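**Q** Pasting a predicted model and its sequence here:
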Amino acid sequence: MDPTKQSYAFNTTVTLWIIFGLWSNKSSNKFYKWYCFVFVALTTALHFVFYTLNLIYTPRKIEIFATQAVYYFSSVSGLFKIGTVLTKQQEILSTFEIIDCKEFLGNCSETKKYLQEFRSTYYRYFRLYLTFCMCCAGVFLCGLPLVNYFFRHEDLKLPVCEYYFLTDEVRKNYIFYWFDYQILGLIVTIVYNATTHTFLCGLILMGITQFKILNFNIANIRLDEDIEINNQEEREQALINKLNQCLKHYDIILKYCENVQNIADVFFFVQFSLAAITICFCMYMLILDLSDKDKVFTTCFISAMLLENYTPSFLGSHLTAESDNLRIAAYSCNWTPCSHSFKKSLILLMERAQRPVVIVALKMVPINLETFASMVKTAYSFFTLLSGAQE
């Protein structure tokens with residue numbers, strides 16, 4: 001990606017997609033396409049087949065089944081994230097083109113501060129989320145089994161699932177191969193989840209930033225001090241031109257948000273639906289007789305799931321609030337001495353802004369804090385029902 005363009009903020013994400021075989025398109029050479037096919041097939045598709053077989057053959061004891069179900073539903077969510085990148089590349093590229101347009105660049109020091117704040121916030125969250133997931137998986141799923149094997153001379157346990165569809169003999173004889181394969185699949189899954197999740201959150205954050213810039217520009221519509229215009233008609237025309245620039249910026253933001261909606265439509269619906277089930281099983285695992293390390297890992301896993309769903313919910317609510325502030329910004333500008341034509345255009349803008357922007361999953365579920373609260377309540381209801389049935 002071009003470092004001079006604003007979309008370069010997502011360069012790390014796209015680079016990881018290229019390395020991990022998710023950025024194949026018509027312009028890619030055939031060798032890279034084959035690499036993508038083989039890499040995704042071996043590390044994701046086959047991994048998911050093993051997860052499915054494992055869940056089918058898992059003993060029907062709730063304390064065992066709950067653990068395996070958590071990993072299975074997480075892998076299902078990961079598949080939809082991969083599918084989002086593979087099937088929405090044209091929409092993603094179109095979104096990058098909008099981000100790089102001149103209307104999104106900012107035209108003064110104040111608006112450029114908003115863009116700088118976006119970049120620093122996105123980079124910080126990307127590093128935080130990826131590091132947190134990698135550390136939790138590295139310590140609890142990879143590190144502890146190896147420590148127990150080499151220093152405590154215990155049997156090596158598979159890091160993720162037990163592969164119950166295998167016989168004990170096959171599992172034991174090839175334990176290191178299965179262990180290495182699960183570690184590889186785990187790393188790939190974490191990278192896919194982290195990059196896709198932070199990327200979509202970054203797109204919403206960019207929408208928030210652009211509405212902040214638009215609100216600032218509208219609230220501060222005035223002639224530049226270094227421009228001397230004595231003719232009243234020319235002054236009015238210059239103000240109308242500035243308002244028209246804001247209207248054009250608003251239209252582009254709406255198109256941008258529509259692209260984000262198309263990219264994240266199915267993704268967020270599946271994520272929120274499966275999160276309720278996964279968190280339910282995780283809470284049930286905490287009331288079981290688990291070791292301290294398993295309880296700590298389960299708590300970290302719940303924290304990651306809550307963060308994964310809270311962040312887009314918070315950003316979705318913030319996006320709606322910023323788009324709703326457009327009417328306040330329009331009313332705050334110095335419109336009283338302006339011409340009738342300017343006031344008429346401003347009223348039309350305020351009428352259009354009466355419908356704030358809302359990101360909706362599958363055209364049914366708004367992505368906001370109310371939906372997040374409903375998801376948590378649903379997970380707790382399932383947990384209560386499950387724990388009550390066991391008693």
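**A** In hand now; what should we look at? The structure presented is a predicted model; accordingly, all values stated were derived computationally and were not measured. Numbering: from 1, shown residues only.
**Q** In contact with residue 56, which residues?
**A** Residues in contact with residue 56 (C-beta atoms under 8 Å, 6 or more residues apart in numbering) are residue 165. C-betas here are computed from N, CA, C, even on glycine.
**Q** do the same with the one 10 residues further on
**A** Residue 66 makes contact with 281, 284, 285, 288, according to C-beta under 8 Å, 6+ apart.
**Q** gap between residue 142 and residue 6?
**A** Using C-beta to C-beta, to the nearest Å, residue 142 is found at 37 Å from residue 6.
**Q** what residue ranges in the stretch 151-300 of the chain score low on pLDDT?
**A** For the stretch 151-300 of the chain, applying pLDDT under 70 flags the ranges 223-232.
**Q** what ranges do the helices span in it?
**A** Counting by DSSP state H, counting those that start in this stretch, one finds helices in the stretch 151-300 of the chain at the ranges 168-173, 175-219, 232-286, 292-332.
**Q** now the angle from the longest one to helix 292-332?
**A** Read that as helix 232-286. Comparing the axes of helix 232-286 and helix 292-332 via axes from the mean of the first three to the mean of the last three C-alpha atoms, to 10 degrees yields an angle of 160 degrees.
**Q** contacting residues around stretch 28-43?
**A** Identification of contacts with stretch 28-43 by C-beta under 8 Å, 6+ apart yields 20, 21, 22, 23, 24, 82, 184, 185, 188.
**Q** picking up where we left off before, residue 67: which of the helices of the stretch 151-300 of the chain is closest?
**A** helix 232-286 (6.3 Å; C-beta to C-beta).
**Q** how many neighbours does residue 370 have?
**A** 12 (other C-beta atoms under 10 Å).
**Q** Between the contacts of stretch 28-43, which sits nearest residue 374?
**A** Looking across the contacts of stretch 28-43 and measuring by C-beta to C-beta, the closest to residue 374 is residue 82, at 26.5 Å.
**Q** what's the pLDDT at that closest one?
**A** For residue 82, the model assigns a pLDDT of 89.
**Q** ditto for the one 4 residues further on
**A** The per-residue pLDDT reported for residue 86 equals 89.
**Q** Return the set of buried residues in stretch 377-391.
**A** Applying a neighbour-count criterion of 16 or more other C-beta atoms under 10 Å, one finds 378, 379, 382, 383, 386 buried in stretch 377-391.
**Q** quick one: which of the residues you listed sit in helices?
**A** Counting by DSSP state H, those place 378, 379, 382, 383, 386 in helices.
**Q** Please name the spatially closest residue to the first one (chain neighbours excluded).
**A** So that's residue 378. Closest residue to residue 378 in three dimensions, ignoring its sequence neighbours and counting by C-beta to C-beta, 6 or more residues apart in numbering: residue 276, at 4.5 Å.
**Q** Please apply the same query to the last one.
**A** In space, not counting the residues next to it along the chain, residue 386 is nearest to residue 284; the distance is 5.4 Å by C-beta to C-beta, 6+ apart.
**Q** gap between that neighbour and residue 160?
**A** As for residue 284, its distance to residue 160 is 19 Å (criterion: C-beta to C-beta).
**Q** who has more neighbours, the two?
**A** Neighbour comparison, residue 284 and residue 160: the larger count goes to residue 160, with 26 against 22 (by other C-beta under 10 Å).
**Q** Name the helix or strand for residue 82, please.
**A** helix 62-87 (DSSP states H and E).
**Q** What subset of the contacts of stretch 28-43 is buried?
**A** 20, 21, 22, 23, 24, 82, 185, 188.
**Q** Looking at those, spot the one nearest residue 358.
**A** Nearest to residue 358 among those is residue 82, at 26.3 Å by C-beta to C-beta.
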